[in-house]
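In: let's see this in three dimensions:
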Amino acid sequence: MARGAPLTARPRLGVADIGAWLFTCNPREFGELDAVDGFCARPSYRVGLVRPGQPAVLWVSGPEGAAPAPGIWMVGRTTGAVRDGDGRRPRVGLALRALAEPVARAELRADPRTARMEVLRAPQMGNPSVVTPAELAAIAELVDDWP
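Out: Got it, this is the predicted structure:
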């Protein structure tokens, strides 16, 4: 970018842009969870877009070869409840359950329908990330039993 060139602001998301919310979990914190009832989020306008019943996924991060393997490990819905989490970050209510087989990051990267997912382009971004409606449709095909 040329010096002094104006920065172009990214357009804000609207509810129609959201296929699902994606919450990233550190693999050390993941453990042997069977279900998740909420997750802390970065305070931003995105938290204000959370509505009850929106699809949501839990993404376990990490390097290639990590255990658990990076990818989507849980699916479900938002409950719509957003409350004070730890005094600094809001906690978004979720009803997520573990998948029988996770959807691996490598599989999502290899699929042209999901290769541009926000979590793949900006893996260090704070929660929540967004899955577009088209990406969600592709993921739903890969998940045996979407709730």
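In: which residues does the residue nearest the centre of the chain contact?
Out: With distances taken as C-alpha atoms, centre = their mean, the residue of the chain nearest its centroid is Leu22 (1.0 Å). Applying C-beta atoms under 8 Å, 6 or more residues apart in numbering, we find Leu22 in contact with 56-59, 72, 117-119, 127-131. Every C-beta, even on glycine, is put in place using the N, C-alpha and C of the backbone.
In: same question, Ala98
Out: Going by C-beta under 8 Å, 6+ apart, Ala98 touches Leu33, Asp34, Ala35, Trp73, Met74.
In: what helices or strands is the longest helix seen in the chain leaning on?
Out: If you go by DSSP state H, the chain has its longest helix at helix 133-142. Under the contact criterion of 3 or more C-beta pairs under 8 Å, 6 or more residues apart in numbering; DSSP states H and E, helix 133-142 touches strand 20-25.
In: sketch out the low-pLDDT regions of this protein for me.
Out: Across the chain, the ranges flagged by pLDDT under 70 are 1-11, 30-33, 85-87, 147.
In: can you give me the helices for it?
Out: Using DSSP H, the helices of the chain run over 27-30, 105-110, 118-121, 133-142.
In: and Asp17, which of those helices is closest to it?
Out: Among these, the nearest to Asp17 by C-beta to C-beta is helix 133-142 (7.9 Å).
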